[in-house]
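> My questions concern the predicted model and sequence given below.
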Amino acid sequence: MEKEKIITAIKKTGIMAVVRVETIERGIEIAQGCLEGGVNVLEISYTNANAGEVIQALKKKYGTQLLIGAGTVLEGVTARLAILSGADFIIAPTFNSEVQQMCNLYQIPYAPGCTSYTEMLEALKQGAAFIKAFPISNFYGPELAKVIKVPCPQVAILASGGVTIDNLDQWYKNGVDCVGIGGLLTKGTSEEITENARQLCAIAQASR
C-alpha cells in the first residue's frame, strides 16, 4: 500500500492496538479479536525479539485486511529488518534520523516519540508522518492534543499512553489523529478483545 494511503487508513480507524506477544499464535488471537471488533491497525513491538516473525505471520494470514506496523524501532538496522518483514509503518519512543532515512527510502510512514515542540517540528521537517506523544501523553492526558494542535494544526498526533474508555472521546475532540491502546486490545480472550474493540470504535465514531 502506498505511503499516503497507509497514513489515511491509520487516521480513519483512529485506534491502534499496541501488541507485545511471546508467540505467533497469541498474535493471531489478538489480531483476530481486534479485526472483528473494527480495529484494523496493530503495532508489533520490537521489545520482543520475535517481532519480525509475528509481523510476517500476520501479513501472510491477513494481507491488506490489517495494517501491521513495527514498534520500538530504535535504529536503522531494525527499521530495515522490520520493513523487509512486511511492516506497513514504523513507530518508536524516540526520534532517530537513521530510522527516518530508512523509512523515507522505502516510503514507509514513521511515527517517532517526541516530548518537546522543538523535537516535533524537527521530526516533521525530516519527514515524520505522525508525532508519537510519548511519554508525555501519560502525564498531560487529553489536553495535550489541544496544546499541540492550537499553534500547529498540521501536526498529526499519535497518542500513546493515558488513553482510556472514559477519556477517549475527549482525546478526539481535542484533535488527536490516532490513539495507541495496549491492555484493552491485547489482554483476555479473542472474544473479550473484540468486545473492547467494538466499544472503542463506537466512541471513535461518535466523537469524530
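All right, it came through fine.
> Extract the CA atoms of the lowest-mean-pLDDT helix or strand in the chain and return them as CSV.
Scoring the helices and strands of the chain by mean pLDDT, DSSP states H and E places helix 136-140 at the bottom, with a mean of 80. The C-alpha trace of helix 136-140 is given here as CSV (Å, rounded to 0.1, in the frame of the first residue of the first chain):
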residue,chain,number,x,y,z
ILE,A,136,4.1,13.0,27.8
SER,A,137,0.6,11.7,26.9
ASN,A,138,0.6,9.8,30.2
PHE,A,139,1.2,12.9,32.2
TYR,A,140,-0.9,15.5,30.4
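> Give me the helices and strands touching that helix, please.
helix 143-149 (3 or more CB pairs under 8 Å, 6 or more residues apart in numbering; DSSP states H and E). In this view, the C-beta of every residue, glycine as well, is placed from N, C-alpha and C.
> which parts of the helix it packs on are buried?
Neighbour-count burial for helix 143-149 flags 144-145, 148-149 (criterion: 16 or more other CB atoms under 10 Å).
> tell me which strands and helices that helix is in contact with?
strand 131-133, helix 136-140, strand 157-160.
> Using JSON lines, lay out those together with mean neighbour count.
Formatted as JSON lines, the helices and strands packed on helix 143-149 follow (neighbours: other CB atoms under 10 Å):
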{"stretch": "strand 131-133", "mean neighbour count": "28"}
{"stretch": "helix 136-140", "mean neighbour count": "17"}
{"stretch": "strand 157-160", "mean neighbour count": "27"}
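> Turn the ones you listed into a markdown table, columns for distance to residue 93.
Output for the helices and strands packed on helix 143-149, formatted as a markdown table (distance: least, CB to CB, whole Å):
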| stretch | distance to residue 93 |
| --- | --- |
| strand 131-133 | 7 |
| helix 136-140 | 11 |
| strand 157-160 | 8 |
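> Which among those is found nearest to residue 17?
Shortest distance between residue 17 and these, using CB to CB, is found for strand 157-160: 11.5 Å.
> Output the very next helix or strand once past the closest one as PDB - backbone C-alpha positions only.
Moving toward the C-terminus from strand 157-160, the next helix or strand (DSSP states H and E) is helix 168-173. In PDB, the C-alpha atoms belonging to helix 168-173 read as follows (Å, rounded to 0.1, in the frame of the first residue of the first chain):
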ATOM      1  CA  LEU A 168     -11.200   8.600  24.600                       C
ATOM      2  CA  ASP A 169     -13.900  10.900  23.400                       C
ATOM      3  CA  GLN A 170     -12.000  13.900  24.800                       C
ATOM      4  CA  TRP A 171      -8.800  12.900  23.000                       C
ATOM      5  CA  TYR A 172     -10.700  13.000  19.700                       C
ATOM      6  CA  LYS A 173     -12.500  16.200  20.500                       C
END
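> how far away is residue 181 from residue 160?
Distance of residue 181 to residue 160, computed by CB to CB, to the nearest Å: 9 Å.
> Look up the residues that both of these two are in contact with.
residue 18 (CB atoms under 8 Å, 6 or more residues apart in numbering).
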